[in-house]
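In: build me a model from this:
(2 chains)
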Amino acid sequence: QKEVEQNSGPLSVPEGAIASLNCTYSDRVSQSFFWYRQYSGKSPELIMSIYSNGDKEDGRFTAQLNKASQYVSLLIRDSQPSDSATYLCARDMRFGAGTRLTVKP
Amino acid sequence: EADIYQTPRYLVIGTGKKITLECSQTMGHDKMYWYQQDPGMELHLIHYSYGVNSTEKGDLSSESTVSRIRTEHFPLTLESARPSHTSQYLCASSDYTLDRQGQLNEKLFFGSGTQLSVL
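Out: Residues are numbered from 1 along each chain as shown, chains lettered A, B, ... in the order given. Prediction:
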């Protein structure tokens, strides 16, 4: 079983909408989770990390962690076309398959 | 801007050749990683290192080998390349930073990658 699972996508939202990306994990020991963004043909770059249950906000991005249900999510508010990319959930330096997001103008 | 460099950026070689993909970082990071990624697919961890003289195999079975003689250098070698090795190889190093909430984050810095094509 993979350490992180991203089963949804691709995802398409209109400009200005909220994009919701989800990730589940199998190991209850996991303490820290990360969201990376990867533009086509580029290397991944870190967007956010989250360690504690609840929400963590940074600008238009909000990461949510629910350890009881073993999922972590990323919300992007006021989505922009420049947010169109693949979003990768990661823990312990292992990555999920990614969710490709397209924001339509 | 991360100071992690990979060379070459693109490499096309014939089957059976020995190749070394270079990765260097000037940030003094102890941890370094190699990932393999096919177009539109997920990243697979193939090797990592905690520091000098430390190398570990990752999750994806790989015929490549790595070495870590110096902190800043983490080369990956294929003794005999095959078409199945055709892929993008990404090198990364990591460091710990404090976020706005005062939490320590381990952040990966990626190189630009080497696109390997084996004919």
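In: got the contact list for stretch B:16-29?
Out: Stretch B:16-29 is contacted by residues B:2-8, B:11, B:13, B:32, B:34, B:71-82, B:89, B:91, B:93-95, B:109, B:111, B:114, B:116, B:118 when judged by CB atoms under 8 Å, 6 or more residues apart in numbering or on different chains. Every residue, glycine included, has its C-beta placed from N, CA and C.
In: among those residues, which ones are buried?
Out: Buried by 16 or more other CB atoms under 10 Å in any protein chain shown: B:2, B:4, B:6, B:11, B:13, B:32, B:34, B:71-72, B:74-76, B:78, B:81, B:89, B:91, B:93-95, B:109, B:111, B:114, B:116, B:118, out of these.
In: can you tell me the distance between the two ends of stretch B:48-68?
Out: With CA to CA, to the nearest Å as the measure, stretch B:48-68 spans 10 Å from end to end.
In: so does that stretch get close to chain A?
Out: Yes - judged by CB under 8 Å from any CB of the partner chain, stretch B:48-68 comes into contact with chain A at B:48, B:59.
In: what comes up buried for that stretch?
Out: B:48-49, B:55, B:58, B:62, B:64, B:66, B:68.
In: what's the farthest-apart pair in those residues?
Out: B:Ser62 and B:Arg68 (15.9 Å; CB to CB).
In: just the buried ones among the contacts of stretch B:16-29 that are near chain A?
Out: Among the buried ones among the contacts of stretch B:16-29, the residues lying close to chain A (CB under 8 Å from any CB) are B:94, B:111.
In: from the buried ones among the contacts of stretch B:16-29, which land in strands?
Out: Among these, the ones falling in strands (DSSP state E) are B:4, B:6, B:11, B:13, B:32, B:34, B:76, B:78, B:89, B:91, B:93-95, B:109, B:114, B:116, B:118.
In: helix/strand/coil for the residue in chain A that chain B sits nearest to?
Out: Among all residues of chain A, A:Ser43 sits closest to chain B, at 3.6 Å; criterion: CB to the nearest CB. For A:Ser43, the secondary structure call by DSSP: H, G, I helix; E, B strand; the rest coil comes out as coil.
In: what bridges to the residue nearest to it when sequence neighbours are not counted?
Out: In space, and not counting its chain neighbours, A:Ser43 is closest to B:Phe110: 3.6 Å by CB to CB, 6 or more residues apart in numbering or on different chains. Beta bridges link B:Phe110 to B:Ala92 when assigned by DSSP bridges.
In: what is the distance between stretch B:17-26 and the centre of its chain?
Out: 8 Å (CA atoms, centre = their mean, to the nearest Å).
In: just the CA trace of that stretch, in PDB.
Out: Only the C-alpha atoms of stretch B:17-26 are listed here, as PDB (Å, rounded to 0.1, in the frame of the first residue of the first chain):
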ATOM      1  CA  LYS B  17      26.800   2.800 -22.100                       C
ATOM      2  CA  LYS B  18      27.900   3.700 -18.600                       C
ATOM      3  CA  ILE B  19      26.600   7.100 -17.500                       C
ATOM      4  CA  THR B  20      26.900   9.300 -14.500                       C
ATOM      5  CA  LEU B  21      24.300  12.000 -13.700                       C
ATOM      6  CA  GLU B  22      25.800  14.800 -11.700                       C
ATOM      7  CA  CYS B  23      24.100  16.600  -8.800                       C
ATOM      8  CA  SER B  24      25.700  19.300  -6.600                       C
ATOM      9  CA  GLN B  25      24.400  21.700  -4.000                       C
ATOM     10  CA  THR B  26      26.100  24.600  -2.400                       C
END
